[in-house]
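Enquirer: sequence plus the predicted model coming up.
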Amino acid sequence: MENINKQWLGLPLSLIWGYVAIAIFMTGDGFEMAFLSHYIKELGFSPAQSSLVFTVYGFAAALAAWVSGVLAEIITPQKTMLIGFLMWCIFHVLFLTFGLGQKNYSLILLFYGIRGLAYPLFLYSFIVIIVHNVKDSSVSSALGWFWAVYSVGIGVAGSYIPSLTIPHLGGLGTLWLALLFCGVGGVIAMVSMRKVSVPKHLGTTKEKFTELSRAVTLFYTNRKILYASIVRIINTLSLFGFPVIMPLMFIDELGFTMAEWLKVWTVFFATTIFFNIFWGIVSEKMGWMRVVRWFGCIGMAVSSFAFYYIPQHFGNNFYIALIPAVSLGIFVAAFVPMTAVFPALEPKHKGAAISAYNLSAGLSNFLAPAIAVILLPSFNIIGVVIAYTSLYIIAFFVSYLIEVEQPGFENNKRIAAKCVMSQI
C-alpha cells in the first residue's frame, strides 16, 4: 500500500501511466466530437439524421458503460480495456471506409453505433483500477485527475488538433489520424497496467450474472443510487448535446469558421482540466453534494443558457464566445464528486455501483442527442437549450434526496469545530 498511497496533489503516482494512456486514447476518440455532426450534414443528411447518429452511438455507449464496471471485476480491468481498445480500432476503420467513405447512412449508423460500445469499456474500466488502488479518503481527488486527463484528451487535444488538420487533411483524413492516437494510448495502457492488481470477482457463472444485473437492480433496491443516477445523467447533457447542435448555430447561423468553433470548444474543455482537479480537492473539504448542488446544478443551468444567448446577442465575436465556454467548463467539472458518491452509497458492491454510475454516464451520452432529435424539428436550437437548462434545475432539487457518508468529512468538520471552540 505504500506505493499505492504515494500521491502528488491527489494524483496516485503508481497509476500515472494509466492516466497518460487515457489522455492519449481519448484524444483520438475526441477528434470527431465537435465537428462530426456538421460533417455528416455536409454529406447531405439532415440535422435530425445527424443527431440520430449520435443517439444510436450514445445508446451503445450506455450499454457498454453499464457492463464495464462489473465486467472489469470479473475478467480484470486490463482485459476489459483490451476488448474496448480492439473494438474501437476495428469498427472505426469500418465506419470510415464503408460508412462515411461511401456516404451510406445505414452503415454510418451500424458501425458508429457498434464503435460506441468500445470507449466505455476502455475508459471506465480504469475507474475500477482507481477505486481499488486508492484509499477511500483520496478517491475524489484521484477521480478529479481522471476527469482532468479525460478533458485533456477528448476536449482540448481532441478539439484543437482537428482545428489544425481539417484545413489540410479534411474531415475524413482527420478521422483517420484519430486511429493513431487511440492506437498509441491503447498500447501504453496495456503495457503500463499489466502488473496493477485488482480483486477479481470470483464465483459461479450465475453469481457473476447476478453481480452484473445488480448494476440495474441497485436503482430500486437502493433509492439513493436512483437519485444519484438522475443527477449523473443530467450532469453531461450540455457536454454531449452542444457538440451536436451548436456547430449548426456557430457555423451556419453566426458565421464562425469550423476552426473558430473548434477553438471555442477547446477552451471549454481546457477550463475543465484545472477545475476537475480543483473541485475534486474542494469537495473533500466542502462536501461532495454541496459542490454538486450549488456549483454543478445551478452553475450549469446558468452557463448552458449563456452559451446560447451570449453568442446570439454579440454575433460573430470569437472572444466574447469564450466567456460562456469558460463558465461551462468551470461548472460542469463541479459534478466530479458524483464518481465517488456511487461506490460510497453501495460499499459492499463497488463494482455494481460503478457500473450504475457508468450506465448513468452512458445514458447522458444517449439522451443529450435524443433530446435534440425530438426538439430540433419543432423548437430549433433554443428549445434544446431550454430543455437542458430546465433539467439542471431539476437535478438541483433531486440532489437533496442523496444522503451519502463521505469518508473523513464528518471528522474534518468536528476537528474544525473544535478549533473554532478553542479560540472562543
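Expert: Received the coordinates, thanks. Residues are numbered from 1 along each chain as shown.
Enquirer: report pLDDT for Asn412.
Expert: In this model, Asn412 is scored at 50, pLDDT.
Enquirer: and the gap between Ile382 and Pro47?
Expert: 14 Å (C-beta to C-beta, to the nearest Å). Every C-beta, even on glycine, is put in place using the N, C-alpha and C of the backbone.
Enquirer: higher neighbour count, the two?
Expert: Set side by side, Ile382 and Pro47 show unequal neighbour counts under other C-beta atoms under 10 Å, the larger going to Pro47 at 22 against 15.
Enquirer: OK, contacts around that one?
Expert: Pro47 sits next to Ser37, Lys41, Ile245, Leu248, Leu376 when contact means C-beta atoms under 8 Å, 6 or more residues apart in numbering.
Enquirer: do that again at 6 Å, thanks
Expert: Leu248, Leu376 (C-beta atoms under 6 Å, 6 or more residues apart in numbering).
Enquirer: tell me where the stretch 251-400 of the chain has strands.
Expert: Assigned strands in the stretch 251-400 of the chain: none (criterion: DSSP state E, counting those that start in this stretch).
Enquirer: tell me which residues touch Asn235, please.
Expert: Phe335.
Enquirer: state the distance from it to Leu367.
Expert: In terms of C-beta to C-beta, Asn235 sits 11 Å off from Leu367.
Enquirer: which other residues reach stretch 394-401?
Expert: Tyr227, Ile230, Val231, Ile234, Met289, Val292, Arg293, Cys297, Ile298.
Enquirer: what helix or strand is the fourth one on?
Expert: Looking back up the chat, that one is Ile234. If you go by DSSP states H and E, Ile234 is part of helix 223-235.
Enquirer: buried stuff in that helix?
Expert: Lys224, Ile225, Leu226, Tyr227, Ala228, Ser229, Ile230, Val231, Arg232, Ile233, Ile234, Asn235 (16 or more other C-beta atoms under 10 Å).
Enquirer: run the chain-centre distance for it.
Expert: 15 Å (C-alpha atoms, centre = their mean, to the nearest Å).
Enquirer: stretch 186-202 - what's its average pLDDT?
Expert: The average pLDDT for stretch 186-202 rounds to 79.
Enquirer: ok, and what's touching it?
Expert: 17-18, 21, 25, 73-74, 77-78, 81, 85, 129, 132, 211.
Enquirer: give the contact list for Gly44.
Expert: So Gly44 contacts nothing (C-beta under 6 Å, 6+ apart).
Enquirer: now swap in the one 10 residues further on and tell me
Expert: Contacts for Phe54 were tallied using C-beta under 6 Å, 6+ apart; they are Val244, Pro369.
Enquirer: follow-up on the earlier one: quick check, nearest of the contacts of stretch 186-202 to Ser390?
Expert: Within the contacts of stretch 186-202, proximity to Ser390 (C-beta to C-beta) peaks at Phe25, which comes in at 34.1 Å.
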